[in-house]
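Asker: I need the structure of the sequence given here:
(one chain, ligands or ions: 1)
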Amino acid sequence: MKNVRIIGTGSYTPDNIVSNKDLSSFVDTSDEWISSRTGIKNRRISTGEGTVSLSVEAAKRAIASSGITPDEIDLIIVATICSDHCTPSAACEVQRDIGAHDAMCFDMNAACSGFVYALNTATAYIKMGMAKKALVIGTEVLSRLTDWEDRSTCVLFGDGSGAAIISESEEVGIDNFYCRSLGSLSEHLVCGSRDFVNPYTNQKVDPYIRMNGQEVYKFVCTYVPNAIKKVIEQSPYTFEDIDHFVLHQANMRILDSVAKRLKIDKDKIYSNIQSYGNTSAASVPIVLDEMIRKGILKKGHKIVIAGFGGGLTYGAGMITL
Ligand code: ACO
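Answerer: This is a model prediction of the structure:
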């Protein structure tokens, strides 16, 4: 099987910064409640840019950092639960806008695990020789799916996009993944689609994100440490070899709890949740890109990425940069 490496990353978030104090002007909440329960201080909220628009900016930055041209890309996957259209997919629209004329394109719905699932899928295509260079994007405009009167959810989420270019390589890079889903627990995190209306039925659908926060919290603390252990066990490395753990930015307390359960030094778990909130499928690639641009992650570093969220879904990957 072929080796696969990440050769470029990029990210993009809307300019509009919304603070906890801003939120408290229209829902019954406070900076103290939000900060102490989640670690979030600010989030970026779109003033009109959709999933494709955010994705295209992140993609252009990832392509620029990789040094390839768009026509070398033969696979585009956008992980999102917020496609601008049911069809075309966001991936096809990104293809159009960046001029990647020779690519197969599709979206993937695995909520906050989306980027990890999409990276796993794109890696499998390249390892099997079915593609050579893939653009993998995680983008959400969760502000479209948020009930802005529901204080238990609207304080948590933000909008943004992150992208990676992965390529067939001589060197070892992306080692292995462990991804699983728990459909039997799906009721704990849901977001309806549009009303179901035809001449024979008329069903109203709740179009907003509804979450049983405590059940999601328990799920993450139970399953995510196990996925992280699995990808390290499946690799030639040990816990001590891992330079950084890049986890979905759902909540600071969750990150602390995962660190405690695995006895990981907190310095090895980077977080930018204070600035962006929970951007679902976008959070892992936004963190990756920020760490690379700041020089915290360097070529040769060994990292474990992990995502978890609606489905319920979770997954981890072992990567050498
Ligand atoms: N401001 C002020 N008070 C609030 C707010 C708010 N924004 N939201 C809820 N409350 C109140 C509740 O009404 C409740 O009040 P009551 O005791 O008078 O009934 C009280 O705060 C406690 O509410 P809980 O829901 O029990 O709060 P909890 O301590 O569980 O914290 C939280 C909520 C932060 C969501 C927590 O459950 C959590 O972190 N869960 C994990 C969820 C998560 O991270 N999901 C994301 C992963 S999946 C994905 O990324 C989509």
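Asker: ok, residue 55 - contacts?
Answerer: 78, 80, 90, 94, 137, 139, 161, 163 (C-beta atoms under 8 Å, 6 or more residues apart in numbering). C-beta coordinates here come from the backbone N, C-alpha and C atoms, glycine included.
Asker: what about the third one, how many neighbours?
Answerer: The one in question is residue 90. Neighbours of residue 90 under the rule other C-beta atoms under 10 Å: 28.
Asker: how about the nearest residue to it, chain neighbours excluded?
Answerer: residue 78 (4.2 Å; C-beta to C-beta, 6 or more residues apart in numbering).
Asker: quick one: the one you found and residue 91 touch, right?
Answerer: Yes - assessed by C-beta atoms under 8 Å, residue 78 is found in contact with residue 91 at 4.3 Å.
Asker: and the host helix or strand of the residue nearest to residue 90, which strands flank it?
Answerer: Element membership for residue 78 (DSSP states H and E) is strand 75-79. Using DSSP bridges, the strands paired with strand 75-79 in its sheet are strand 104-108 (parallel), strand 133-141 (parallel).
Asker: anything in it near the ligand?
Answerer: No - counting by C-beta under 6 Å from any ligand atom, the ligand is not contacted by strand 75-79; separation bottoms out at 12.7 Å.
Asker: what's in contact with the helix or strand just after that strand?
Answerer: Counting by DSSP H and E, the next helix or strand C-terminal to strand 75-79 is helix 90-98. Contacts with helix 90-98, where a contact means C-beta under 8 Å, 6+ apart, come from 51-52, 55-56, 59-60, 63, 70, 76-78, 80, 83-85, 100-101, 103, 105-107, 135, 137, 139.
Asker: got the residues of the stretch 151-300 of the chain near the ligand?
Answerer: Residues of the stretch 151-300 of the chain lying close to the ligand by C-beta under 6 Å from any ligand atom are 151-152, 155, 189, 211, 213-214, 216-217, 250-251, 253-254, 278, 280.
Asker: out of these, which is nearest to the ligand?
Answerer: residue 213 (2.7 Å; C-beta to the nearest ligand atom).
Asker: returning to what we had before: of residue 78 and residue 91, which one has the most company?
Answerer: residue 78 (32 against 28).
Asker: just to revisit the earlier point, which of the residues of the stretch 151-300 of the chain next to the ligand fall in strands?
Answerer: 189, 211 (DSSP state E).
Asker: hang on, the earlier thing: so which of the strands paired with strand 75-79 is the most packed in?
Answerer: strand 133-141 (a mean of 31; mean count of other C-beta atoms under 10 Å).
Asker: show me which residues of the stretch 1-150 of the chain are close to the ligand?
Answerer: So far as C-beta under 6 Å from any ligand atom goes, the stretch 1-150 of the chain lies against the ligand at 29, 33-34, 37-38, 111-112.
Asker: where does pLDDT dip in this protein?
Answerer: For the chain, applying pLDDT under 70 flags no range at all.
Asker: wait, residue 206 sits on residue 192?
Answerer: Yes - Residue 206 lies in contact with residue 192 (C-beta under 8 Å); the separation is 4.7 Å.
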